[in-house]
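Undergrad: coords please:
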Amino acid sequence: MIAVVRSLLTYLSVSLYVLFVGPPILLIAVVFRQVPLLYQAGRGGVRLGLFLSGVQLRIEGKENIQKHRAAVYAVNHTSNVEPPILFEALHSTFPRLRVLYKAELRKLPILVRAWDLAGFVPLERGNPEQSLPAIGRAADALRQGHSFLIFPEGTRSRTGRLLPFKKGGFIMAIKGSAPMVPVAISGARAAMRKGSFVIQPVVVRVRFGQPVETAGMSLDDRDRLSALVRGKVEALLAEA
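TA: Numbers count the residues shown, from 1 in each chain. Predicted coordinates:
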């Protein structure tokens with residue numbers, strides 16, 4: 001019952017934060033081109049949600065975070081709490097981290113405008129005509145020095161076991177000549193299961209693995225790269 005009350009308080013508080021803080025911050029960011037302000041406001045909302053829900057974050061393998069070059073961070077996906085948790089885990093290193101996300105989330109009115117301004121890239125699953133140009137834009141951003149966060153499974157796993165990886169993020173990394181960093185997040189499914197609105201106050205651990213270099217790879221290597229990164233994420237989950 002306590003978790004239910006805390007969850008409702010979290011949803012209400014974060015919704016009010018987005019509703020009242022989001023529009024003026026977005027307006028200022030657009031008028032004065034202050035994109036970092038969006039990230040600061042976003043981090044404020046994430047920290048508010050984590051604090052109220054009681055979710056605690058533990059980070060391991062920080063030495064594998066690529067501080068001086070763009071990289072693609074590939075993370076397993078079991079819960080809706082994972083994107084904000086990863087945003088918080090990487091924010092101090094990449095105050096302007098970009099995200100490859102599914103286009104269905106564009107129905108969120110205020111957030112989607114902030115995402116567009118920040119350079120987030122939407123992908124329509126099952127629509128190659130839209131996906132390929134979007135992947136190309138993301139690869140260009142990688143070459144310009146912007147790191148990306150991806151969830152290569154494309155959807156949440158109900159069981160916690162890794163689902164097959166989609167190829168888009170690996171094509172992006174190869175085209176952008178960027179390393180891929182495998183990331184395992186554990187505890188998020190216990191925090192919030194798929195189909196449930198209740199957020200449990202648990203400890204969530206994020207483990208960063210050693211990067212996989214893509215230099216010298218061609219698009220013919222995308223399946224091999226996918227299998228290699230998937231194996232490393234599995235190994236990190238087993239260690240956790």
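Undergrad: For the lowest-mean-pLDDT helix or strand in the chain, list the C-alpha coordinates in PDB.
TA: Every helix and strand of the chain was ranked by mean pLDDT, DSSP states H and E. The lowest is helix 109-118, at a mean of 80. Extracted C-alpha coordinates of helix 109-118, given in PDB (Å, rounded to 0.1, in the frame of the first residue of the first chain):
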ATOM      1  CA  PRO A 109       3.200  16.700 -26.400                       C
ATOM      2  CA  ILE A 110       5.600  18.700 -24.300                       C
ATOM      3  CA  LEU A 111       8.300  16.100 -24.000                       C
ATOM      4  CA  VAL A 112       8.400  15.400 -27.800                       C
ATOM      5  CA  ARG A 113       9.200  19.000 -28.600                       C
ATOM      6  CA  ALA A 114      12.000  19.000 -26.000                       C
ATOM      7  CA  TRP A 115      13.300  15.700 -27.500                       C
ATOM      8  CA  ASP A 116      13.300  17.200 -31.100                       C
ATOM      9  CA  LEU A 117      15.200  20.200 -29.900                       C
ATOM     10  CA  ALA A 118      17.700  18.000 -28.100                       C
END
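Undergrad: Next one: residue 20 relative to residue 118, how far apart?
TA: Distance, residue 20 to residue 118, by Cβ to Cβ, to the nearest Å: 20 Å. (Glycine included, C-beta is placed from N, CA and C.)
Undergrad: no no, residue 14
TA: 18 Å.
Undergrad: One more: residue 196?
TA: Shown here: residue 196 relative to residue 118, a distance of 29 Å by Cβ to Cβ.
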